[in-house]
Each structure stands twice: as C-alpha cells, then as structure tokens.
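A.B. asks: Dropping a prediction and its sequence here:
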Amino acid sequence: MSRVRIGLLGPTVVEVDGRAVKLTPTTVAVLARLVIANGDLVTVDEIFRDVWAPSARTLRREDRVGVQKRILELRRALEPDRTGADSVLIPTDRGASTSAYRLAVDRDMIDVHRFRHLLAQAQQTDAATTVELLTEALALWRGRPLFHVEEYAFAQATIAQLRPLHAAACRALVEAYQQLGLVDEALRVGEALHSEHPDYVGLSALLAPLRDRSRTRAGTMRRDLPALGTAVVVTGGDLFAQSDANLVVGFSDTFDTDTTRDVVISSASLQGQVLDRLYGGDRTRLDRDLRNALREVAPTGVESRADKRRGKLVRYPVGTVAVLRRTPVQVFAVAYSVMGNDLVARSSLDHLRRSLDSLWEAVDLHGRREPLAVPVMGAGLARVDGTQPATLITTIIESFVRRSRHRPVSRELRIVVRPEDLSRVAMLDVASFLKGLS
C-alpha cells in the first residue's frame, strides 16, 4: 500500500511514497471534504453540494458523474498501483440511492488529525512531555489552515475550530516551558503568540512575570517503575524542604565543615547548609557525628598542616558514606570529590559513579526504603568539569535504576534541582531519558 501524507495546515501538500502529487483545485476541495469528515462516509450528493453547488436541491446524473471523476482522480493519485475499483484508501459504500466515500488514510499522516491528537495527549502528561508533544504539533502548522479551500463553507467551520486550538496550544507550551523554568523559551513562544493574538485573554498577565525574568517553581517529572518497586522524580525546589525523604549531600574526601569566611567550605554550599539548617551552626556537634559515622572506615592518608593549611587532614576513600541521623530525616553524606591542598574540591564522572554505587549500598542498609532526595551532585562548587547538568542527572538515575534491578534501594528517588539552576538544565533531555526507562 502507498504511504500517503496529507497536509492542510497551510498550503495543501499531498505526498505519496515521499513524492509530491499535484491535484486540480476542485479535487483538492473534494479531498479536504473527505479529510474533514474524519473517516465518516460522505455521499456523492453531500460532496457535490459542499464543493459545487451548496443551494442545489436535486442532482442530475452528470453532477454525480462529476463527483465520481474527482474521486477517480484522487484514487489514481494516492494509489497509483491500483485501479479505482479496488481502492483501499477511498473505498466506496454503495447505498440504495447514491454512493458514498470515506478517506481511510492513516490519521497520523494527516496533519489536521495529528495536530488534534497531539494536543489531546499534551493535556494528560507532565510539563516536559507536554513541551515535546506541543512542539511537534505546532511544527505541523505552516500558515493559514485549509488555505486552498478556505472560501468553502464546509472548510470555514473547521478553520474556526483550528485557530483557537492553535492559540491554546501556544499558550499551553508557554506554561509548560514556564513550569520547567525555561524562561527564554517560554518568552519566545509567548511573544510570537502575542503578536498574532494581541487580545488573547490573560496572555499579557502570563507574559508579564516572564518579561521580568522571574523564575517559577519547576514542574515535576515522574517515572514509575513498578517492576522495580520504585519511582524516579525530577523536580525543582529546596533539598532541605523535602521533609518526607532522607537526604543525600555531597562532601569531599576530607569531610570538611569549616565555613569560616567561606575559605574551606562555602556557607552557601549544601555542606554549609547542613551545618546551618540541620545543626544550627554547631560545627562541633556536626564533626562529632561525622567522626562517629566514620569510625570504622580506614583512612587513605593524613595530610600535614604544612601542606593543607586549613580544614581537616584525614582523607577517606572516594565513595565513603557517613550516615548522619537527624530528626526527622537521615543525611547520607557521600564523599564524591577530592579536596586539594589548595582548598579546591575536584571530582570526575568516575568518582561520581563510584560514589553512587557506595551510596545505594548505604541507603539499602540504613534508609528503610524511604524516599531519597538527591541534589545534582557535581553541579556545585565540586564541579565535574565539562559535564552538563542533564548528564549528571541521568548518570544518577541510571546508577540508581541499575542498582534497583539487583535489589530495591528506595521506593522513590527524587532529584531536586535548585530553582536558580533550572535554566541550565536541558529538561527535555532528562524527560526523554526518563521515558526510556523500564
């Protein structure tokens, strides 16, 4: 069977097996009428009245023959290897008084139907998938819909339905981008919509905060993995606000905690926030809890004060996990970077992967399968150079899923992205990765 593609969201395009097909204007109108029927039967009389003579009360034999000639032209164009009598794409229903036809082309190959289908799907999914679906839908739109038949009454009703759908799709895309924190993309689509529909109700109010470059809370991407007894979530927010989950915080191999003047550890870092928000600034108590958690771990070495002028001197293996039991959560402090004697923490993807393997073991042992909130490790001051945030996120997810296939770790892995970092994360790449998990 021939592979047919029909485009009506702009100048008419008809392709058969990848080759463009030219049709006479009247035959284009007949085709459009069949498309609009949405797979239902259309009688010869209906086609004649809609395309040739809306006011005709009775049809002559030659009127019906004129319709049949256009149907034959369509059949020859769409199915060059078949005769009109055995058409699969435009079959005939022979009634008692008149014949009727329907278009049996795959709906996904007709842009009008595909557009509506994508919009319906986008209403039932997460923000990142919505962006993918609506971007595909809007790419189908190539100008004025039903351009070559817009003067026909039968087409005008469909055009009146499609135009508001197009505007609504643009607005939904703006909102989805906004939920993902992709402000530039939201503004691009929103400004284009505003130029086309300046009176669109509520659009100005939607665009105002975007124009001010404000950030909104990110939407949540979730992928349930029932076969593994877990789920993966990526969301924007504050790691320490995840009160229903155990927390993961990255440390260096020396487990430094000194935030004085931000020389060794930045007070704005997650390690610094552990001290400030979970220990009330009591570094003595935090260091005591770390020592207790590490007492059975053999150090890899001890620096001299002459070499490392500030901070702690004892080094532990990369991948060491210290479990801090703080009410109401546990904190899994994992060493995924090496603190240089120049007081610069450095890491790599190999260090990150090794640390994640150790982390899942510790969570399995101590985490009671509670939800686990993890930051984008490697995106902060202990940066994994040359690695994009989306790659770090997918690395964490891949490691967690691989471990979960061997033995469940937690009923939910929740990766928390700081709102101010959302614009740097290729959320669509993350969404695509999540969709591919099984």
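C.D. replies: That came through fine.

A.B. asks: C-alpha only now, for contacts and for neighbours.
C.D. replies: Will do.

A.B. asks: Geometric centre of this protein: which residue is closest?
C.D. replies: Ala128 (2.2 Å; C-alpha atoms, centre = their mean).

A.B. asks: looking at this, it is in a helix?
C.D. replies: Yes: under DSSP: H, G, I helix; E, B strand; the rest coil, Ala128 falls within a helix.

A.B. asks: State the next helix or strand along the chain beyond the helix or strand bottoming out on mean pLDDT in the chain.
C.D. replies: Here the helix or strand of the chain ranked lowest by mean pLDDT, DSSP states H and E is helix 203-211, holding a mean of 69. Counting by DSSP states H and E, the element after helix 203-211 in chain order, helix or strand, is strand 221-225.

A.B. asks: tell me what the helix or strand just after that following strand is packed against?
C.D. replies: Downstream of strand 221-225, the first helix or strand assigned by DSSP H and E is strand 230-236. In terms of contacts (3 or more C-alpha pairs under 8 Å, 6 or more residues apart in numbering; DSSP states H and E), strand 230-236 is packed against strand 221-225, strand 413-417.

A.B. asks: Other residues contacting the first one?
C.D. replies: When contacts are defined by C-alpha atoms under 8 Å, 6 or more residues apart in numbering, strand 221-225 is touched by residues 126-128, 230-235, 431, 434-435, 437-438.

A.B. asks: ok, back up a step: is it correct that the residue nearest to the centre of the chain is in contact with Ala176?
C.D. replies: Yes: between Ala128 and Ala176 there is a contact under C-alpha atoms under 8 Å: 7.0 Å.

A.B. asks: hmm, which of the contacts of strand 221-225 are the buried ones?
C.D. replies: Buried residues within those, counting neighbours by 16 or more other C-alpha atoms under 10 Å: Asp126, Ala127, Ala128, Thr230, Ala231, Val232, Val233, Val234, Thr235, Ala431, Leu434.

A.B. asks: Just the helices from the protein, written as ranges.
C.D. replies: Secondary structure of the chain (DSSP state H): helices at 25-36, 44-51, 61-78, 111-122, 127-139, 153-179, 183-196, 203-211, 270-273, 283-294, 349-366, 389-406, 427-435.

A.B. asks: ok, of the ones you listed, where does mean pLDDT dip lowest?
C.D. replies: Note on the helices of the chain: helix 203-211 shows the lowest mean pLDDT, a mean of 69.

A.B. asks: tell me the domain boundaries of the protein?
C.D. replies: Following automatic domain parsing, one gets these domains for the chain: 4-106, 110-211, 221-435.

A.B. asks: rewinding a little: worst mean pLDDT among the helices and strands packed on strand 230-236?
C.D. replies: Least confident of the helices and strands packed on strand 230-236, judged by mean pLDDT, is strand 221-225 with a mean of 88.

A.B. asks: ok so, going back, just send the helices of the chain back as JSON lines, with distance to Met1 too.
C.D. replies: Converted to JSON lines, the helices of the chain look like this (distance: least, C-alpha to C-alpha, whole Å):
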{"stretch": "helix 25-36", "distance to Met1": "19"}
{"stretch": "helix 44-51", "distance to Met1": "25"}
{"stretch": "helix 61-78", "distance to Met1": "10"}
{"stretch": "helix 111-122", "distance to Met1": "20"}
{"stretch": "helix 127-139", "distance to Met1": "26"}
{"stretch": "helix 153-179", "distance to Met1": "29"}
{"stretch": "helix 183-196", "distance to Met1": "39"}
{"stretch": "helix 203-211", "distance to Met1": "46"}
{"stretch": "helix 270-273", "distance to Met1": "61"}
{"stretch": "helix 283-294", "distance to Met1": "69"}
{"stretch": "helix 349-366", "distance to Met1": "50"}
{"stretch": "helix 389-406", "distance to Met1": "41"}
{"stretch": "helix 427-435", "distance to Met1": "32"}
